[in-house]
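*Asks:* dropping the sequence and predicted coords here.
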Amino acid sequence: MAHERRIQVRIIPARRTYRLRYEEELNPAQLQAVMHQNGAALVIAGAGTGKTRTLAYRVARLVEDGVPPENILLLTFTRKAARQMLHRAAQLLDGRCERVAGGTFHSFAYMILRRYSHAVGLSPDFTVLDQTDAEDVLNLLRTELFRERRRERFPHKRTLADIYSTAINRNRSIDDILSAEYPHFQHLLPELKQLYDAYRLYKRRHGLVDYDDLLLLLLQLLEEHPEKRQQLHAQFRYVMVDEYQDTNPLQHRISVLLAGPEENILAVGDDAQSIYSFRGADFRNIMDFPNAFQQCTIITLEENYRSTQPILNLANAIISRAIYGYRKQLQSRQKEGPSPAIIRAEDERQQSLFVVQQVLALREQGIPLSDIAVLARASHLFFELEIELSRVGIPYRKFGGLKLTETAHIKDLLAFARILLNITDTVSWHRVLLMLEGVGPRTAHRIIEGIREGILRWEDPQSIENLLLGISPSIRTTVIQLWEALCTLFRLYLRHTPVPELLSQCATLYRPLLQRQYDDHHKRWRDIEALLALAERYQTLQEFLTDLTLDPPTESVADVAAPGSQEESPLTLSTVHSAKGLEWTAVFLIWMTDGRFPVAWAYDSVEAFEEERRLFYVACTRARRFLYLLYPLRAIDHESGWILAKPSPFLTELDESVAEHWVLVTENSLGTG
DNA sequence: GGACGGCTATTTTTT
DNA sequence: ATAGCCGTCC
Ligand SMILES: Nc1ncnc2c1ncn2[C@@H]1O[C@H](COP(=O)(O)OP(=O)(O)OP(=O)(O)O)[C@@H](O)[C@H]1O
C-alpha cells in the first residue's frame, strides 16, 4: 500500500433544515419576517400582502425551532382571528401550534388578571361587563343619582359609556373629552364626574370589570409589579401582534412592556387600515412602534396576492388622496381582471334587485355563495336586501351590528343566571323585576334598595318579606312567586347542575314573561334555543358568561335558509368593520351615497372623514376579482320623504379610468306595471 | 302614585 | 331598539 490517500473529514456547520419549505411558500420579505430571530420587528404593509399569512408561518417556524408553544403569545383583533391563524399554523406543521397562547388583548388581560387578581385588588372570580352591560349599569346609576332633579337633557347611556371609555383609552380626562367631542354637554361635567365615581364604586363593590378595566389593570400589573412582569417575560418569550394600526395607547404600552428587555416582539399592520378610532385606536401607534425599542427591524411587503390589478388601481387611487400615512402602491401579478363597477341605482329596491341578480349570475359562473360578500357601512343598511334575499331563497349569514348577546331577550334570560351568581347584582334584578306585570321603575327601585343593603339572602327565603313592605298585595304575590322560583334555581345551581340544564330552567321561568312582553316571541325563543346550544360546551356558568362577553358569537341574528338550500354554504353580509382581514372573490359595497358612506357626521372633523376613507379602502381591498360599488339615487328622509341622494365623494373624486360606470334600468316586465 | 300603552324622533362601527 | 312625553286606568 504505497499510496494511501488521506482525505480530511470535517464537520460542516449544521444548516438548519425545516420541515416546511418556507422559501417556496413566501416571498423574500415575508421570509425575512418569518425567520426574524431576536429583537423588535415591524411588518408594515398594505392590504392583501400576506401579513396574516406571515404570522401563521412565523408561529410554525418558531415551534419548529423548538420554542415551546406556551412561550409564544399571539395577540389579534378578534379571538376568532387568533384561532384561525393558529389552526392554519397547526395544519402547516402540527398540533403543537394550537397550544400557542392566542387571543385579543382583552382576553389575554382576563387570563393574566385571573392569575394575579390579588395584585391588582380583584377577587379571583371577578366578572367582565360587556359594552351593553356597562351601559345598563350607567343607566341605572344615572336614574338613581339624578332621579329627583334635572329635566334637562342628559347624555344617552351609549354616549356616557363612550365618554368614559374614550377618556380611559386615550388617557385623557373627562373634561378633555367633553370639550373635544361633546362641547354641548360641558356644563354637565360635575354630574358626569359624579356618575363616573358611582360607576367605579359599583364595579368595585360587585367585583365587576369592564373592557377598559381589563387593559388598565393589566397595564397597572405590568408597571407596578416588576416581579410579575418578569414572570410574564419568562413565559411569553415571543410576542406577536396583528393589526397594530388599531391598537389604542393602552394596548401600545402593554405591548412595549410585554416585549421586555429582550424586545422579542413582532408587530404587523397597515396604517391605511386603521378604522377603530372610536375605540381609542390611533394609527400613530404603528408609526411610533420602532421608537419604543432600542432597535427595530422594519420590513415592508410590496406584493399583493389577493386582488387583480384593476381592483388595486382603484384602491391605490382612494388611498393616494389620504392626508395621513405612508404612501404606498399595491401591485399584483394578476394584471388582468374585470374593472370595478360603479353602479347607479334609482332607489334602494333597484339596488337590492341588482345585487340578487348579480349574485345569482356569479353563482351560475361557478363562484360559490361563500366566496361572495355584500358589505355596507352600517348593518341596518341590509334590511331591505335581506327581505329580497329571503324572498328569492338565497341563504346568507350576517355579521356585525346587533349581536345575539345584545338583544333584549337574551339579556333578560342571562339576568336570571346572573342573579344566581350574585344575589346583589342590582342591574340584573332591575331587568327581572321590570318584566313582572304591575312592576315599574318605582317599585323596582324600592325593592332594589333593600337588595343592595344585603337584606335578601338565599338561606332565608322569608327575607323577601322585608323588601315588600308597603307594596300592594297583588304585586307582592308576583314578586314572591318569582323569588321562590329563583330559590329553586339556586338549589339546582348549588348542586352543580350542568350549565345547559340550569339555563334551560331559567328559560322555562322566563318563557311566559317573554310571551307577555313581545309579539314576536317565537323568533326570540329560537334565539334562546340557540344560546342554550352554545352553553353545551361549558362546565361552569362563570366560564360561559365570560366567554359570551370576551368572545361573543359575532353572527347577527339571521335565520334564513330557504327550503332545499340547507346544504349550500351561505352568502355573507357584513359591516366593513367586521370584514377586516377577510377576503372574497366578489364583493358588493352598497349604499355608497353621501351621508351614508361617509356618514354625515364625518364632515365634522378631518380625522373622522379620513377614517371613513380608510374604511372605504378596507372595503375595496377585500375583493379578489369582482368589485361592485352601488349607490341608490333616491333615499328616504325622515322629514321630507323622498330626497335626492348624491353619490359618495369617494366615488366622484375617482378618476374615470379606474372604474366602469353602470346605470340600472328596471325592465317594465310584460306590462304588469 | 304608579304602571302602561301609544305616540314621536333618533339609531355607526366593536373588544 | 330606546327614550321621552302624555293620557288613561288601577
Ligand atoms: N407568498 C404568497 N404566496 C401565495 N399567496 C400568498 C402569499 N402571501 C399571501 N398570499 C395570499 O394572499 C391573500 C392575502 O393574504 P393575507 O390575508 O395574509 O394578507 P394581509 O396582509 O393580512 O391582508 P389584510 O391587511 O387585507 O388583512 C391570502 O389569500 C394569502 O393566502
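*Replies:* Great, that's in hand.
*Asks:* ranges for the strands of the stretch 501-650 of chain A?
*Replies:* Ranges of strands in the stretch 501-650 of chain A, per DSSP state E, counting those that start in this stretch, are A:571-575, A:584-589, A:623-632, A:634-637, A:641-644.
*Asks:* out of those, flag the one nearest residue A:434.
*Replies:* strand A:571-575 (30.9 Å; Cβ to Cβ). Every residue, glycine included, has its C-beta placed from N, CA and C.
*Asks:* now the angle from that closest one to strand A:584-589?
*Replies:* Going by axes from the mean of the first three to the mean of the last three Cα atoms, to 10 degrees, strand A:571-575 is angled at 50 degrees with respect to strand A:584-589.
*Asks:* wait, does strand A:571-575 make contact with DNA strand B?
*Replies:* Yes. Strand A:571-575 lies within reach of DNA strand B by Cβ under 7 Å from any atom of the strand, at residue A:575.
*Asks:* quick check, the strand or helix carrying residue A:142 touching DNA strand B?
*Replies:* Assigned by DSSP states H and E, residue A:142 falls within helix A:131-145. Yes. Contact of helix A:131-145 with DNA strand B (Cβ under 7 Å from any atom of the strand) involves residue A:131.
*Asks:* and the strands of the stretch 501-650 of chain A as a markdown table, adding mean neighbour count, mean pLDDT and distance to residue A:359?
*Replies:* Shown next, in a markdown table, are these (neighbours: other Cβ atoms under 10 Å; pLDDT from 0 to 100; distance: least, Cβ to Cβ, whole Å):
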| stretch | mean neighbour count | mean pLDDT | distance to residue A:359 |
| --- | --- | --- | --- |
| strand A:571-575 | 25 | 94 | 6 |
| strand A:584-589 | 25 | 97 | 8 |
| strand A:623-632 | 24 | 96 | 10 |
| strand A:634-637 | 14 | 72 | 22 |
| strand A:641-644 | 10 | 64 | 27 |
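*Asks:* and these: which comes nearest DNA strand C?
*Replies:* strand A:634-637 (14.0 Å; Cβ to the nearest atom of the strand).
*Asks:* the closest one packs against which elements?
*Replies:* Here strand A:634-637 touches helix A:348-364, strand A:641-644, going by 3 or more Cβ pairs under 8 Å, 6 or more residues apart in numbering; DSSP states H and E.
*Asks:* which parts of chain A sit against the ligand?
*Replies:* Proximity of chain A to the ligand (Cβ under 6 Å from any ligand atom) is limited to residues A:26-27, A:30, A:45, A:47-53, A:270, A:273, A:305-306, A:581, A:583, A:621.
*Asks:* from the residues you listed, which would you call buried?
*Replies:* A:26, A:30, A:45, A:47-53, A:270, A:273, A:305-306, A:581, A:583, A:621 (16 or more other Cβ atoms under 10 Å).
*Asks:* measure the residue nearest to the spatial centre of chain A to residue A:303 for me?
*Replies:* Nearest to the geometric centre of chain A sits residue A:78, at 6.1 Å (Cα atoms, centre = their mean). Shown here: residue A:78 relative to residue A:303, a distance of 26 Å by Cβ to Cβ, to the nearest Å.
*Asks:* show the backbone phi and psi for residue A:5.
*Replies:* phi -80, psi 130 (degrees, to the nearest 10).
*Asks:* how much space separates it from the ligand?
*Replies:* 48 Å (Cβ to the nearest ligand atom, to the nearest Å).
*Asks:* can you check residue A:472 too?
*Replies:* Look at residue A:472 and the ligand: by Cβ to the nearest ligand atom, they are 60 Å apart.
*Asks:* for that residue, give me its contacts.
*Replies:* Contacts for residue A:472 (Cβ atoms under 8 Å, 6 or more residues apart in numbering) come out as residue A:438.
*Asks:* check what pLDDT it gets.
*Replies:* On pLDDT, residue A:472 comes in at 87.
*Asks:* not counting its neighbours along the chain, what's nearest residue A:395?
*Replies:* residue A:570 (4.0 Å; Cβ to Cβ, 6 or more residues apart in numbering).
*Asks:* my read is that the one you found contacts residue A:399, right?
*Replies:* No. In this structure, residue A:570 is not within contact of residue A:399 by Cβ atoms under 8 Å, at 11.1 Å.
*Asks:* go through stretch A:366-374 and flag the buried ones.
*Replies:* A:367, A:369, A:371, A:372, A:373, A:374.
*Asks:* can you lay out those as a markdown table showing pLDDT?
*Replies:* What follows is the buried residues of stretch A:366-374, written out as a markdown table (pLDDT from 0 to 100):
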| residue | pLDDT |
| --- | --- |
| A:367 | 96 |
| A:369 | 94 |
| A:371 | 96 |
| A:372 | 97 |
| A:373 | 97 |
| A:374 | 97 |
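*Asks:* which pair in these spans the largest distance?
*Replies:* The widest separation within the buried residues of stretch A:366-374 (Cβ to Cβ) is 13.7 Å, between A:367 and A:374.
*Asks:* in chain A, what residue comes closest to the ligand?
*Replies:* residue A:50 (2.8 Å; Cβ to the nearest ligand atom).
*Asks:* tell me the pLDDT at that residue?
*Replies:* pLDDT, residue A:50: 95.
*Asks:* got phi/psi on residue A:552?
*Replies:* Dihedral angles (degrees, to the nearest 10) for residue A:552: phi -60, psi 150.
*Asks:* err, residue A:344, not the other one
*Replies:* Here is the backbone geometry of residue A:344 (degrees, to the nearest 10): phi -100, psi 120.
*Asks:* burial measure for the closest residue to it other than its chain neighbours, as a count.
*Replies:* Leaving aside its sequence neighbours, residue A:344 sits nearest to residue A:663 (Cβ to Cβ, 6+ apart; 4.9 Å). Residue A:663 has 10 neighbouring residues, counting by other Cβ atoms under 10 Å.
*Asks:* for residue A:663, give its distance to residue A:384.
*Replies:* Applying Cβ to Cβ to residue A:663 and residue A:384 gives a distance of 20 Å.
*Asks:* go on, residue A:605?
*Replies:* From residue A:605 to residue A:384 the distance is 30 Å (Cβ to Cβ).
*Asks:* weakest of the helices and strands packed on strand A:634-637 by average pLDDT?
*Replies:* Looking at the helices and strands packed on strand A:634-637, the bottom one is strand A:641-644 with a mean of 64.
*Asks:* give me the neighbour count for residue A:471.
*Replies:* Using other Cβ under 10 Å, residue A:471 has 16 other residues around it.
*Asks:* quick one, what contacts the nearest residue to it once chain neighbours are set aside?
*Replies:* Spatial nearest neighbour of residue A:471, excluding adjacent residues (Cβ to Cβ, 6+ apart): residue A:443 at 6.3 Å. Contacts here follow Cβ under 8 Å, 6+ apart; on that basis residue A:443 touches A:433, A:471, A:475.
*Asks:* out of these, which comes closest to DNA strand C?
*Replies:* For those, the nearest to DNA strand C is residue A:475 (11.0 Å; Cβ to the nearest atom of the strand).
*Asks:* need the contact list for the closest residue to residue A:280 other than its chain neighbours.
*Replies:* Computed as Cβ to Cβ, 6+ apart, the closest residue to residue A:280 that is not its neighbour in sequence is residue A:169, at 2.7 Å. Residue A:169 sits next to A:212, A:215, A:248, A:249, A:250, A:279, A:280 when contact means Cβ under 8 Å, 6+ apart.
*Asks:* and whichever helix in chain A runs longest, what other elements does it pack with?
*Replies:* Longest helix in chain A, counting residues (DSSP state H): helix A:473-494. In this structure, helix A:473-494 packs against helix A:408-421, helix A:499-517, with contacts taken as 3+ Cβ pairs under 8 Å, 6+ apart.
*Asks:* list the buried residues for the shortest one?
*Replies:* When neighbours are counted by 16+ other Cβ under 10 Å, the buried residues of helix A:408-421 are found to be A:409-421.
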